[in-house]
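In: This is the structure alone, sequence omitted:
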């Protein structure tokens, strides 16, 4: 549990953005200081430990079922699977615009951070289901050459609807204020005129496009929670994990981190303007991720 989760939800939601950003920057700074304090830890020891473990990372954009999936996979024998061990919204934004920052973050901090946090546990597998590290995909592949990576995707219409009910892409939102189209992005010129809904559509599209191309192995959240055979073939087998059907069935009936109040109706009730905007921005990526645009 994050420290801030002990604070009542109402107070957390009403906190100014500068307070939220200051908090996550402070937490990250403290963790980096702690990692650097272990200056005597040899890099060879870290490498040796990782070489004896089954390591994986499942990456996605937020609101895609990451917490549910991490809780489910953590039930596999001999495995420690965590969901976003701390808030990394700032490193994500830095990595979005600069791959070298992503590599530096993983090589000089995150790899050692994982080792220090879990190396004393008697485990065979370490995994993370993490939306913050999605722009660290290539850096993870370089730092953990034997690790397995999966791209978790959820229907963009459900993700956009869920994000719209939060602060994502609102003016000044600390966790997305540095996310915008790069110079070679075809949407860059339109960005200042795009509505928040359209920006959320772009956000889903651009992040999933990046992950799909970087990882090359996409799994659909909807099928993970509806088809055990799909889950076994596309998740358990590649990750070398074992979870019986009865555990899967028990877990899918207890959803995690759901949106309680939506500010948008279900996408089947969207007006024509929103449907056209979604199709225009996300249509191609939806198809490449295996979804049909039926309304």
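Out: Yep, it's here. What you see is a predicted model, and the numbers here were worked out from it, not measured in a lab. Numbers count the residues shown, from 1 in each chain.
In: so where does the closest residue to residue 99 other than its chain neighbours fall, helix or strand?
Out: Spatially, and ignoring its direct neighbours in sequence, residue 99 is nearest to residue 138 (6.5 Å; Cβ to Cβ, 6 or more residues apart in numbering). Every C-beta, even on glycine, is put in place using the N, C-alpha and C of the backbone. Element membership of residue 138, judged by DSSP states H and E, is helix 137-143.
In: helices or strands up against that helix?
Out: Here helix 137-143 touches helix 99-105, strand 148-153, helix 196-215, going by 3 or more Cβ pairs under 8 Å, 6 or more residues apart in numbering; DSSP states H and E.
In: Recalculate using a threshold of 10 Å.
Out: Packing partners of helix 137-143 (3 or more Cβ pairs under 10 Å, 6 or more residues apart in numbering; DSSP states H and E): strand 54-59, helix 89-97, helix 99-105, helix 111-118, strand 148-153, helix 196-215.
In: For the ones you listed, could you give me a markdown table that also reports mean pLDDT?
Out: Listed next are the helices and strands packed on helix 137-143 as a markdown table, based on pLDDT from 0 to 100:
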| stretch | mean pLDDT |
| --- | --- |
| strand 54-59 | 99 |
| helix 89-97 | 98 |
| helix 99-105 | 98 |
| helix 111-118 | 98 |
| strand 148-153 | 99 |
| helix 196-215 | 99 |
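In: Among the ones you listed, which comes closest to residue 170?
Out: helix 196-215 (6.7 Å; Cβ to Cβ).
In: Tell me which residues of that closest one come out buried.
Out: Judged by neighbour count (16 or more other Cβ atoms under 10 Å), helix 196-215 contains these buried residues: 197-208, 210-212, 214-215.
In: Contacts only, for residue 85.
Out: Residue 85 is in contact with 2, 31, 110, 113-114, 117-118, 128, 130, 132, counting by Cβ atoms under 10 Å, 6 or more residues apart in numbering.
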